[in-house]
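Student: take a look and give me a structure for this.
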Amino acid sequence: MDGYKTQESNLMFVIDNNLVELEKMLKLDSKQKTPCGQTLPVPFMSSFHVGKMPAFFLNIINLHRTFLPSQVENISVESSYVCSRYIRQVIYGILLQHTAVDKNVHDEDCLRDIEEYDRRKGFISREKVSPVFSLKNGRPLPSLEELFSMDKSCSQQLLLDILGTDLNFVSTIPGNVRLLCCSIIYWLNNCNPAPKEDFVYALILNILYFQVVFKKSVQDESGCPEVENFEGLSISSLIDVVSTEDAMFAAQNIKKYLQKPSLNRGNPLILHIIHSFSQLQTCILYTLYLNSLLGFPFETPKLYETFAGFLLYNLTKDLSTRPFPDLFMSELLGRDSSLNALFNVLKNKIFENISEDSIERSDRSHLQKGKKDAKKDVDTKDKSSSTEDITSFCNHFENVNTHKEIACISDLGEVFI
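Tutor: Coordinates of the predicted model:
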């Protein structure tokens, strides 16, 4: 024990929060190199050491291989990771590009395809995925060295171009959910199969519940302005005017959807709900990875304060039984409340940025017909009851008149013709 000596480690600089010394050590002796022998950029390695970047990046650079984590999903359709493949290809293109002494060696060793291990049908299979070095709009991707010299606005625009959104959209969304909403738009434009309309409604309400309803329902109402007309207000303004009363009303209505669903043979798990959420999760995961690689140009959303699986599943299932989901959502949030206006504004903002076939519209004709038939039966029953009452009254009136006529004839005695 007396002869034991602790070895020097870069971890000590991280624990002591001495990042200046850490960067000096990385410049002098960086053990992480690219396959062609080039040293990785110091800012990249420094961010990795302090935990700002995932190990996924180093696996791509050194091994050119990644195992995509398994999820609960529908194995009869393609993997939930397919819809987020383009984001991964962009990440691969940025990570693998760098200056090299020998271009041929660099192309052969560093720019080769990435091996992704993912589910195909019910089995794990290997698929080679090529990195992309320019976006769909023709904009070239920066290399790993160029990445750390970009300013925040350029990084933001690059991320928005990758996800297929723009500054006009994100400027209307609160900062803590901007990246999440961009991920949702990318997911809707790239997913296959498309999610049902009920799922998207439940997803938007899920976000509003944790970001607005839950927080507003437990806070003091003092300082909340009273607004009668919500038309033309921005999302941030609508959030500010949500009253505690409206929040408590919505929270009480939503409370039942937070319970664990009862699953059995008669009430099996609905796979399309689970698969849609698994697709969304992969898009969010690699969007967060990309955001960290670009130096966090957008605020990282707190997902643990945003989603509840029970709420998402139960509400989606309930909406599928409703003939008019829009009206049901209005009743759930309060027809004339600021929360209902907020829901509609956020829903419309998202729908404006996706194609028409991004959402599967459910055929509700049988539900609407059933509702009309039920109403018709009630009206027929009421009408029949009214007819019977009128007939009974008329019969009674006729009986009274008949008795009067008989009495008059009796009084007259014998009638002569």
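Student: and the closest residue to I91 other than its chain neighbours, how close does it get to D107?
Tutor: Closest residue to I91 apart from its sequence neighbours, by C-beta to C-beta, 6 or more residues apart in numbering: L290 at 5.8 Å. C-beta coordinates here come from the backbone N, C-alpha and C atoms, glycine included. Using C-beta to C-beta, to the nearest Å, we find L290 at a distance of 24 Å from D107.
Student: one more: I359?
Tutor: Distance from I359 to D107, by C-beta to C-beta: 42 Å.
Student: between these two, which one's more packed in?
Tutor: Legend: neighbour count by other C-beta atoms under 10 Å for I359 and D107, higher for I359 (20 against 12).
Student: from W187, how far off is the more buried one?
Tutor: According to C-beta to C-beta, I359 and W187 sit 11 Å apart.
Student: also L332?
Tutor: Taking C-beta to C-beta as the measure, L332 and W187 are separated by 24 Å.
Student: quick one: low-confidence parts of the stretch 1-150 of the chain?
Tutor: The stretch 1-150 of the chain contains residues with pLDDT under 70 at 1-16, 19, 23-24, 26-30.
Student: okay, strands next: where are they in it?
Tutor: Using DSSP state E, counting those that start in this stretch, the strands of the stretch 1-150 of the chain run over residues 65-67, 114-120, 123-129.
Student: any chance of those strands in TSV, plus distance to K52?
Tutor: Shown next, in TSV, are these (distance: least, C-beta to C-beta, whole Å):
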stretch	distance to K52
strand 65-67	19
strand 114-120	22
strand 123-129	25
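Student: mind listing the helices for the stretch 51-200 of the chain?
Tutor: Along the stretch 51-200 of the chain, counting by DSSP state H, counting those that start in this stretch, helices occupy 56-58, 85-96, 103-109, 144-147, 152-163, 167-170, 178-190, 197-208.
Student: list the contacts for R322?
Tutor: Counting by C-beta atoms under 8 Å, 6 or more residues apart in numbering, R322 touches F328, R364, L367.
Student: what's the spacing between the second one and P43?
Tutor: Here the criterion is C-beta to C-beta. By it, R364 lies 54 Å from P43.
Student: kindly report the same for the last one.
Tutor: Between L367 and P43 the distance is 57 Å, computed by C-beta to C-beta.
Student: swap in L290?
Tutor: 17 Å.
Student: just want to know which of these two has more residues nearby.
Tutor: A direct count of neighbours by other C-beta under 10 Å for L290 and P43 places L290 higher, at 21 against 16.
Student: show me the contacts for that one.
Tutor: Taking C-beta under 8 Å, 6+ apart, one finds I87, V90, I91, L159, I162 in contact with L290.
Student: now, the most widely separated pair of the residues you listed?
Tutor: Among the contacts of L290, the pair separated by the greatest distance (C-beta to C-beta) is I91 and L159, at 11.4 Å.
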